[in-house]
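Q: no sequence on hand, only this structure:
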């Protein structure tokens, strides 16, 4: 046999013999009554603290739910208000457009039996008056009323950034931009 293998076998035998020769210690598993009482007291105090923490947590969750509900109600009310405002603006826009159309039509269609020169004059007058009416209508556009909003939008700012800068709701900013797009498509 090789010498290092002999040393390993000899060392293992010494360890086994030493383990049998050494006395074993007795372990005392019973705890003194005072220690048990201290543990029970600590557990009761821990349970009381946990109950108090749970009550605080339940109260916090309840308050958060109430705040969330009231916030949702405020937002819903704001949406209804904005929808109503949108309808009013749409009606106002339609009235303005119909008024401008009715102002141009009588000029173009008046005196149908008039001479050719008179018709040419009316057509020229209508061509002059129509841009003036259209310019007047455009002066009341949404873009004129919200110049700063559209300036920021044209600079490529996000709706969120615009709403923060102007102190407006994001939904309101989106609504104004959409109304302006509709208004532009009507005038185009």
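A: On my side now, so go ahead. What you are looking at is a predicted structure, and each value in this text was computed from that prediction instead of being measured.
Q: middle-most residue in this protein, spatially?
A: residue 170 (8.2 Å; C-alpha atoms, centre = their mean).
Q: now do the same for the residue nearest to that residue when sequence neighbours are not counted: its pLDDT.
A: Counting by C-beta to C-beta, 6 or more residues apart in numbering, residue 170 lies nearest to residue 163, which is 4.5 Å off, once chain neighbours are set aside. To be clear about C-beta, it is placed using only N, CA and C from the backbone, and glycine gets the same treatment. Looking at residue 163, its pLDDT is 91.
Q: so how far is residue 174 from residue 163?
A: 9 Å (C-beta to C-beta, to the nearest Å).
Q: quick one, which of these two is more surrounded?
A: Neighbours around residue 163 and residue 174, counted as other C-beta atoms under 10 Å, are more numerous at residue 163. The numbers are 19 against 14.
Q: verify the stated contact: the more buried one with residue 177.
A: No - applying C-beta atoms under 8 Å, one finds residue 163 not in contact with residue 177, separated by 11.0 Å.
Q: where does the chain have low pLDDT?
A: Residues of the chain that meet the criterion pLDDT under 70 lie in 1, 24-31, 103-139, 188.
Q: would you list every one of the helices in it?
A: Ranges of helices in the chain, per DSSP state H, are 3-21, 33-109, 116-139, 142-145, 147-154, 159-166, 170-187.
Q: does the residue nearest to the centre of the chain really touch residue 160, like I thought?
A: Yes - between residue 170 and residue 160 there is a contact under C-beta under 8 Å: 6.0 Å.
Q: show the contacting residues for residue 95.
A: Residue 95 makes no contacts at all, as judged by C-beta atoms under 8 Å, 6 or more residues apart in numbering.
Q: how close does it get to residue 89?
A: 11 Å.
Q: ok, residue 52 next?
A: Residue 52 is 55 Å from residue 89, by C-beta to C-beta.
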